[in-house]
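[1] give me a 3D structure for the following:
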Amino acid sequence: MAVIEERQMKRWLLLIFLSCAGGAWAQLAPVGADPVVDEIRIRSTWGGLSPDSPLITELVVRRSDGGFTMTGTSSRAGKLTAMPPMRASTGDVAALVAAMEAPSRAKFDAGDLGRPDRDVQARIDGEMESESGEDFPIDPAIAGRMQAYRETLRHPGDLATALTAGFRSFHTDDYPGVWVEIALSDGSKIVASSRSQQYLMLPWNRDGQPPTYSPAISQALWRLLPKGATNRDRLHGPISDFELDELVTAGLFDVLNRFDAEVKAGDALRVLEASFVVEEARAQKRLSWMQLGPVLFASLRLPDGPKNLHMKVRLPLKGSALENSDADLARLQAALSLVQRTPALAARIRDQPGEDFRIYDGFGYAWLNERTAEQFIAQMRQLGRIEQLGDNPGLMRGAVMVEEGDAPAYWIALADGRAVLWKKFTNAAATPTTVRCSSIPMGDDIDELLESRKNHLCIGRIYPP
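    Residues are numbered from 1 along each chain as shown. Take a look at the predicted model:
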């Protein structure tokens, strides 16, 4: 545990002891002392393809009888079971508060894997070797740069950067979530949450702070949660072989793909780099079974744009160059520029530096095609906002859709500078000014199912230019 986290835990342990002890001990707490813990609420959930889904554990930890008492419920596939009250360790409460108050750690430390460095380095060697086969033709100059990059991963700082990138990976049918709220005696609250599938459910998010890759919150929760609580086993190390393989593969994915793109689509990359910051790039050979390719996948942003606004593109290739270079560049620049000069969206992006804002250019799960535009008009009409918006044939011409966050909110930037907070993926109940609604169209085979689920909240809030 870091020194600063240990000091914070000791401070909280003393304050909790004084607040719980009562009598003469309570008089020792100075007037104006730091607030103490009144209550902790924890909600831990999991959903996926399982007959037991969803799994939900809800706990409340309150001060009582010179210490803390924990009560709660657990549910499996909708069947609710009350947990018997149990004592919660004062030290475990103090450790959780200290962890949630500690400064954010921007990168993951390989020392927290609970595995020797040789295990990590062996995985890296295997990943680099697997990318040097027939499907990854290596130019001698690029091969030299790849080897130089590999050597950097023997140094803790560069290794931390690569492993941290690995936490962005995602797989289907596994949807954990943990939310923790600590209520203090002065009325303030400390909140932390995670929806991560990765090791220790890192990173953790806290209001007003960047994500933290410190394992302290995970470790403290693991000690505090009772055995059998949802997601408890995910919060404790060491990392498994499967998790380590996944972390290393995902951590090197973007870098190795960039090397590959330089070989297969070097001319296209150079054209894009003249106008954009190319954050990621991956060249895809022709896939006849899905009538795709060859294409270049990339993540772009404008040089003067915010670092959390990204445009995800899939651009046709002709040889190693863009097939439609002029048209592609004009379209991409126009879309990013519109979002950056739309006042409400620009302010939202600036005020949420820890959130990613994404524009998908003609591919992906959610992009502004004709069906999506039709759904936007229909749902705005359902909300009674279409007259305010202006129902005319040219309304959606030049519009751009922006996806915000992991539980996405969808924004529409109109060509006239107005912005609309369209809808959000959430379980929240409808209010007098909102309605439950279906998700972005994804194709005939699934849209009927999505329509019946209505797993979004349509908001339709219009912001002026």
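[2] now do the same contact list for the residue positioned nearest the centre of the chain.
    Ranked by distance to the mean C-alpha position of the chain (Cα atoms, centre = their mean), the top residue is residue 406 at 4.7 Å. When contacts are counted by Cβ atoms under 8 Å, 6 or more residues apart in numbering, residue 406 is found next to residue 195. For every residue, glycine as well, the C-beta is placed using N, CA and C.
[3] just use 14 as the starting number from now, easier for me
    Got it, first residue is 14 now, which makes that one residue 419.
[4] residue 343 falls within a helix, correct?
    Yes. Residue state for residue 343 (DSSP: H, G, I helix; E, B strand; the rest coil) corresponds to a helix.
[5] tell me the confidence at it?
    What the model reports for residue 343 is a pLDDT of 97.
[6] then the one 4 residues further on?
    Predicted confidence (pLDDT) for residue 347: 97.
[7] quick one: it is in a helix?
    Yes. Inclusion of residue 347 in a helix is indicated when three-state DSSP is applied.
[8] in space, what's closest to it - neighbours in sequence excluded?
    The spatial neighbour of residue 347 that comes closest, neighbours along the chain excluded (Cβ to Cβ, 6 or more residues apart in numbering), is residue 411 at 7.4 Å.
[9] and that neighbour, that one's in a helix?
    No. Assessed with three-state DSSP, residue 411 is coil; it does not lie in a helix.
[10] who are the contact partners of it?
    Contacts of residue 411 by Cβ under 8 Å, 6+ apart are 347, 351, 427, 428.
[11] export these as JSON lines, with columns for neighbour count and secondary structure.
    Output for the contacts of residue 411, formatted as JSON lines (neighbours: other Cβ atoms under 10 Å; DSSP: H, G, I helix; E, B strand; the rest coil):
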{"residue": "347", "neighbour count": "13", "secondary structure": "helix"}
{"residue": "351", "neighbour count": "19", "secondary structure": "helix"}
{"residue": "427", "neighbour count": "21", "secondary structure": "coil"}
{"residue": "428", "neighbour count": "16", "secondary structure": "coil"}
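[12] those: which two are farthest apart?
    The widest separation within the contacts of residue 411, taken as Cβ to Cβ, falls between 347 and 427 and amounts to 13.3 Å.
[13] ok, residue 448 touching residue 471?
    Yes. Assessed by Cβ atoms under 8 Å, residue 448 is found in contact with residue 471 at 5.0 Å.
[14] spit out the residues that contact the two alike.
    Taking Cβ under 8 Å, 6+ apart as the contact rule, residue 448 and residue 471 both touch 392, 395, 396.
[15] mind putting those residues into a markdown table with distance to residue 335 and neighbour count?
    Rendered in a markdown table, the data for the shared contacts of residue 448 and residue 471 read as follows (distance: Cβ to Cβ, whole Å; neighbours: other Cβ atoms under 10 Å):
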| residue | distance to residue 335 | neighbour count |
| --- | --- | --- |
| 392 | 35 | 20 |
| 395 | 40 | 13 |
| 396 | 40 | 20 |
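[16] and the protein, what are its domains?
    Per automatic domain parsing, the domain ranges recorded for the chain read 16-120+188-243, 122-179+248-274, 278-346, 373-476.
[17] endpoints of the shortest one, how far apart?
    It stands for domain 278-346. Across its full length, domain 278-346 reaches 20 Å end to end, with Cα to Cα, to the nearest Å as the criterion.
[18] circling back to that earlier point, more neighbours: residue 448 and residue 471, which one.
    residue 471 (22 against 18; other Cβ atoms under 10 Å).
[19] so the more buried one touches residue 389, yeah?
    No. Here residue 471 lies out of contact with residue 389, judged by Cβ under 8 Å, at a distance of 9.7 Å.
[20] so what sits against both of these two?
    Taking Cβ under 8 Å, 6+ apart as the criterion, residue 471 and residue 389 both touch residue 435.
[21] and the contacts of the helix or strand encompassing residue 100?
    Here residue 100, judged by DSSP states H and E, is contained in strand 92-101. Contact partners of strand 92-101, identified using Cβ under 8 Å, 6+ apart, comprise 72, 74, 80-88, 237, 239.
[22] who does it pair up with?
    Sheet pairing for strand 92-101, assigned by DSSP bridges, gives strand 80-89 (antiparallel).
[23] list the buried ones in the partner strand?
    For strand 80-89, the neighbour count (16 or more other Cβ atoms under 10 Å) marks 81, 83, 85, 87, 88, 89 as buried.
[24] equivalent analysis for stretch 329-343, please.
    Within stretch 329-343, the residues that qualify as buried by neighbour count (16+ other Cβ under 10 Å) are 330, 333, 335, 341, 342.
[25] all helices for the stretch 264-413 of the chain, in order.
    Along the stretch 264-413 of the chain, the stretches classed as helices by DSSP state H, counting those that start in this stretch are 279-286, 338-354, 356-364, 383-395, 399-402.
[26] deepest-packed of those helices, please.
    For the helices of the stretch 264-413 of the chain, ranked by mean neighbour count under the definition mean count of other Cβ atoms under 10 Å, the leader is helix 279-286 at a mean of 18.
[27] so residue 180 makes contact with residue 260?
    Yes. Taking contact to mean Cβ under 8 Å, the distance of 7.3 Å between residue 180 and residue 260 places them in contact.
[28] which residues do those two both contact?
    Contacts common to residue 180 and residue 260, judged by Cβ under 8 Å, 6+ apart, are 211, 212.
[29] neighbour-wise, which of those two wins?
    A direct count of neighbours by other Cβ under 10 Å for residue 180 and residue 260 places residue 260 higher, at 25 against 22.
[30] and the more buried one, backbone torsions?
    Dihedral pair for residue 260: phi -70, psi -40, per degrees, to the nearest 10.
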